[in-house]
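Peer 1: the following block contains a protein sequence and its predicted model.
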Amino acid sequence: MHPHGDITDVPGIRVGHAQDPEALTGCTAILFPPDGAVAGMEQIGGAPGTRETDLLRTRHLVQKIHGLVFAGGSAFGLDAASGVVTYLESQGVGFPTGAARVPIVPSAVIYDLGIGDASIRPDAQMGRWAAERARGAEAGPLQQGNVGAGTGASVGKVLGKEWAMKGGEGSSSARLPNDVFVGALAVVNAFGDIIDRSTGEIVAGARNPSGDPPFVDTLSILRERTGMGELQFGRQGQKETPGTVLGLVAVNAQLTKEEANIIARMAVAGLARVIRPAFTLLDGDTVFAVSMGGARADTSTLGAVAAEVLADAVMQGVRQAKWAGDLPSCTDISRGGS
């Protein structure tokens, strides 16, 4: 089977989406083999929304996870993980406790309540639907853009949602010697702008109300505001809308839990290469890393490649996105849309 250039190229990874295209929200379930995957994470943004991520630290008992959920809906969307947990339980998958098998399913969410219908959020039923639809590489290339947790994603929010652009879910992969694959999946909902590394130009971000040039450059706006106080979501008269980029990098190489955490930490660098600014107090940026087992490989090499692949996944997230919720995509902007 030829690689698809997405995270399902990593053997054992299955991905499922469920979304409400009218309410503009959704969730993504990533499932691992029944015996689980060694996992780590790095949480670096200032406004995270997560569930069961503490157990990924090296000092804790659990060594493997059975699934991972990315969802919209802010804190409400954490409910989606419950549906994945019950689905995995029905499949006999979970951490053996003697009394029951308990599926270990960390979760992280984005804030998409300002787009679409804020009263509708991913719930346990939507999470179960996503898990039931999870497929690997045999199902063909992974759907990207306005799917799953990327359904209500947006980017470039320094002037408020009315001048933001559509984000989405993206994926990428790289093939190393000995058929070692490094794959990445990203939900791109950044407060800042998305930058093309090859040109240094903004490809999706805060739009210029005058239309020329097409973007205002979020960093320039923030510099002009120096001395005006912290960006604080929810302040009266506040226009800024919170962001968050969620990422997963996966490898078919053997890692310890500590090494998985190292790779997650290294992969975070990929976000900084294509998002400006990244990791603000309005972003809940969180990156997970999983090992599907296999031969040993150099941890530093895997981490360096993971950063590149995650950066590519972010770019795919905005390039595959489509106009939704009155927000144009980068394709619309390149065609002269407003």
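Peer 2: Cool, the structure landed. Numbers count the residues shown, from 1 in each chain.
Peer 1: give me phi/psi at residue 154?
Peer 2: phi -150, psi 160 (degrees, to the nearest 10).
Peer 1: for it, name its beta-bridge partners.
Peer 2: For residue 154, the beta-bridge partners are residue 166 (DSSP bridges).
Peer 1: residue 296 now?
Peer 2: Here residue 296 sits in beta bridges with residue 254, as judged by DSSP bridges.
Peer 1: all strands of the stretch 151-300 of the chain, in order?
Peer 2: For the stretch 151-300 of the chain, strands defined by DSSP state E, counting those that start in this stretch occupy the ranges 154-155, 165-166, 168-176, 180-189, 193-195, 202-204, 244-251, 275-276, 286-291.
Peer 1: redo these as TSV? Include mean pLDDT.
Peer 2: What follows is those, written out as TSV (pLDDT from 0 to 100):
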stretch	mean pLDDT
strand 154-155	97
strand 165-166	98
strand 168-176	97
strand 180-189	98
strand 193-195	97
strand 202-204	96
strand 244-251	98
strand 275-276	98
strand 286-291	98
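Peer 1: quick one: low-confidence ranges for the stretch 1-150 of the chain?
Peer 2: Counting by pLDDT under 70, the ranges of the stretch 1-150 of the chain that qualify are 1-2.
Peer 1: just put the strands of the stretch 151-300 of the chain in CSV and tack on distance to residue 214 and mean neighbour count.
Peer 2: Yep, even glycine has a C-beta here, placed from its N, CA and C like the rest. Putting the strands of the stretch 151-300 of the chain into CSV (distance: least, CB to CB, whole Å; neighbours: other CB atoms under 10 Å) gives the following:
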stretch, distance to residue 214, mean neighbour count
strand 154-155, 14, 30
strand 165-166, 10, 30
strand 168-176, 19, 24
strand 180-189, 18, 31
strand 193-195, 11, 24
strand 202-204, 8, 26
strand 244-251, 22, 31
strand 275-276, 16, 22
strand 286-291, 29, 29
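Peer 1: out of the ones you listed, which gets nearest to residue 92?
Peer 2: strand 286-291 (20.6 Å; CB to CB).
Peer 1: for the longest helix anywhere in the chain, packing partners?
Peer 2: Counting residues, the longest helix found in the chain (DSSP state H) is helix 299-319. Using 3 or more CB pairs under 8 Å, 6 or more residues apart in numbering; DSSP states H and E as the contact definition, the elements that helix 299-319 packs against are strand 168-176, strand 180-189, strand 193-195, strand 202-204, strand 244-251, helix 257-274, helix 330-334.
Peer 1: closest to residue 153 out of these?
Peer 2: Shortest distance between residue 153 and those, using CB to CB, is found for strand 180-189: 4.0 Å.
Peer 1: would TSV of the strands of the stretch 151-300 of the chain with distance to residue 40 be doable?
Peer 2: As requested, these are exported to TSV (distance: least, CB to CB, whole Å):
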stretch	distance to residue 40
strand 154-155	26
strand 165-166	31
strand 168-176	19
strand 180-189	15
strand 193-195	26
strand 202-204	29
strand 244-251	10
strand 275-276	21
strand 286-291	5
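Peer 1: how much space separates residue 10 from residue 302?
Peer 2: Distance, residue 10 to residue 302, using CB to CB, to the nearest Å: 12 Å.
Peer 1: need the overlap of contacts for the two.
Peer 2: Here residue 10 and residue 302 have 182, 251 as joint contacts, going by CB atoms under 8 Å, 6 or more residues apart in numbering.
Peer 1: identify the residues contacting residue 11.
Peer 2: Contacts of residue 11 (CB under 8 Å, 6+ apart): 136, 137, 181, 252, 292.
Peer 1: tell me which element residue 69 falls in.
Peer 2: Assigned by DSSP states H and E, residue 69 falls within strand 67-71.
Peer 1: dump that strand to CSV, restricted to CA.
Peer 2: Provided in CSV are the C-alpha atoms of strand 67-71 (Å, rounded to 0.1, in the frame of the first residue of the first chain):
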residue,chain,number,x,y,z
GLY,A,67,-7.4,6.4,22.3
LEU,A,68,-7.1,10.2,22.0
VAL,A,69,-9.9,12.7,21.3
PHE,A,70,-9.7,16.2,19.9
ALA,A,71,-12.9,18.2,20.0
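Peer 1: coming back round to it: let me have the helices and strands packed on helix 299-319 in CSV, adding distance to residue 42 as columns.
Peer 2: As requested, the helices and strands packed on helix 299-319 are exported to CSV (distance: least, CB to CB, whole Å):
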stretch, distance to residue 42
strand 168-176, 19
strand 180-189, 14
strand 193-195, 20
strand 202-204, 24
strand 244-251, 9
helix 257-274, 4
helix 330-334, 27
